[in-house]
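**Q** got a predicted model here, sequence first, then my questions.
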Amino acid sequence: MNKLLFCLLIPVLSFAQVDSTDIIVKQMMEKQKIVGLSLAVIKNGKTITNKGYGWANVELQVPVNAETVIRLGSVSKQFFSTAILKLMEEGKLRIEDPVHTYFPDAPEAWRPITLKHLMSHTSGLPREAPGYDNFKIQPDIEVIRSAYKLPLVFKTGEKYQYCNLAYFMLAEIITQVSGMPWQDYIHQALFVPAGMQHSYLTDFYRIIPNRANGYMHQKDTLINATSMFAIRPSGGFLSTSSDMIRWEKVIREKKIILRKENWEQLWQPVIKTSDKADAKEYYGFGWFVEEYKGHKLIQHGGANIGFRSVFAHFVNDGLSIIILTNTDEANPRSIANALADYYFRK
């Protein structure tokens, strides 16, 4: 009798879990005025949730689903750091290489900077190059050289300051060393072995099926987000929650693309992101490394105009939460935290 009752309860318990996830997501979407959201939750290698909420395109009434293509923003940085370590494994570079190896015309003040400094935001370079324009397609080297005239913000290696310029430089290095455009190398070396067939460069002009439109609010009025024409290596890719599940499997299992020790090197804390004595957040190579309520977390958020995202992997809990949104005001990290709280109680 007890066994029969337990069997009858299984569907109810399963439904309750999914329903609770829906309640959390929908409540927070309403509070944050999020138009559309794609969510993936993976627990111990099993996909618990992979679905969409809201609209990919409001005007055409196209709903978000697990195959909706959404801008990742700086979640893309992990692809660049992974590609650098892949090229290291191929014997084509060393992460201790000085940037002058690849940019011989760079200022003398840049001489201490290595690839490790670029990946960990410890180079001392300014956050953005002055020549970068969100609304203009430019060669990466042109953007990089526009920063040659600027002084370093701090002594190389001395502290942390988030730096998108550094990831432009990593992209240019990938292009030089691999002999192909950085987007092609990342596609070939990372996306193909991972089975990510719907992850793309953020090319505004290309026709990409299932691509979501971006939105923002002007006071209380929803409007189309301003289009970013620039192809920005520091936030260079589009993807889907389904493809990001495939990527989560790769980084969790650590069996392909990189050797296990190099996957783990990406997540080694390099430097604290704050000078506060009680700060527990560090940056590795393309990842933030921190604790959330006693749970070890590697994560990265992303922000482009009209899009916000987060990839959160709780290392010792077997829990990953991936959220992609198409709304400028969204705070996906807060949603990921709320979902993590819920799943930790399960």
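**A** Arrived safely, thanks for sending.
**Q** when you work out contacts or count neighbours from here on, use the C-alpha atoms and nothing else.
**A** Noted.
**Q** so what does the longest strand anywhere in the chain touch, helix or strand wise?
**A** For the chain, the longest strand by residue count, based on DSSP state E, is strand 46-57. For strand 46-57, the packing partners by 3 or more Cα pairs under 8 Å, 6 or more residues apart in numbering; DSSP states H and E come out as strand 36-43, strand 62-63, helix 241-253.
**Q** how much space separates residue 155 from residue 163?
**A** Distance, residue 155 to residue 163, by Cα to Cα, to the nearest Å: 14 Å.
**Q** higher neighbour count, those two?
**A** For the pair residue 155 and residue 163, the greater number of neighbours falls to residue 163 (21 against 15), based on other Cα atoms under 10 Å.
**Q** that one touches residue 129, doesn't it?
**A** No - in this structure residue 163 lies outside contact range of residue 129 using Cα atoms under 8 Å: 9.3 Å.
**Q** now do the contacts for the residue most central in space within the chain.
**A** Taking Cα atoms, centre = their mean, the centroid of the chain lies closest to residue 75, which sits 0.8 Å from it. Residue 75 makes contact with 235, 300, 301, 302, 309, 310, 311, according to Cα atoms under 8 Å, 6 or more residues apart in numbering.
**Q** might one say that the fifth one is in contact with residue 327?
**A** If I follow you right, that is residue 309. No - with contact defined as Cα under 8 Å, residue 309 and residue 327 do not form a contacting pair (9.7 Å).
**Q** now do the contacts for residue 267.
**A** 284, 285, 287, 288, 289, 298.
**Q** let's see it at 10 Å
**A** 282, 283, 284, 285, 286, 287, 288, 289, 290, 297, 298, 299 (Cα atoms under 10 Å, 6 or more residues apart in numbering).
**Q** strands along the stretch 51-200 of the chain, start to end?
**A** 62-63, 70-71, 200-201 (DSSP state E, counting those that start in this stretch).
**Q** where does pLDDT dip in the protein?
**A** Counting by pLDDT under 70, the chain contains low-confidence ranges at 1-19.
**Q** quick one, helices of it?
**A** Ranges of helices in the chain, per DSSP state H, are 2-32, 77-89, 115-120, 140-145, 164-178, 182-186, 192-194, 241-253, 260-266, 332-345.
**Q** out of those helices, which is closest to residue 209?
**A** helix 241-253 (14.4 Å; Cα to Cα).
**Q** how is the protein divided into domains?
**A** 32-76+195-345, 80-178 (automatic domain parsing).
**Q** take those and lay them out in CSV including distance to residue 186.
**A** Formatted as CSV, those follow (distance: least, Cα to Cα, whole Å):
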stretch, distance to residue 186
domain 32-76+195-345, 10
domain 80-178, 6
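**Q** what's the closest of the ones you listed to residue 26?
**A** Comparing the domains of the chain by Cα to Cα, domain 32-76+195-345 comes nearest, at 7.8 Å.
**Q** on that earlier part again, tell me the one among the contacts of residue 75 nearest to residue 97.
**A** Among the contacts of residue 75, and counting by Cα to Cα, the member closest to residue 97 is residue 235, at 23.6 Å.
**Q** ok, the closest one - contacts?
**A** 71-80, 164, 167-168, 201-202, 302-304.
**Q** next one: residue 289
**A** 266-273, 280-283, 296-300, 313.
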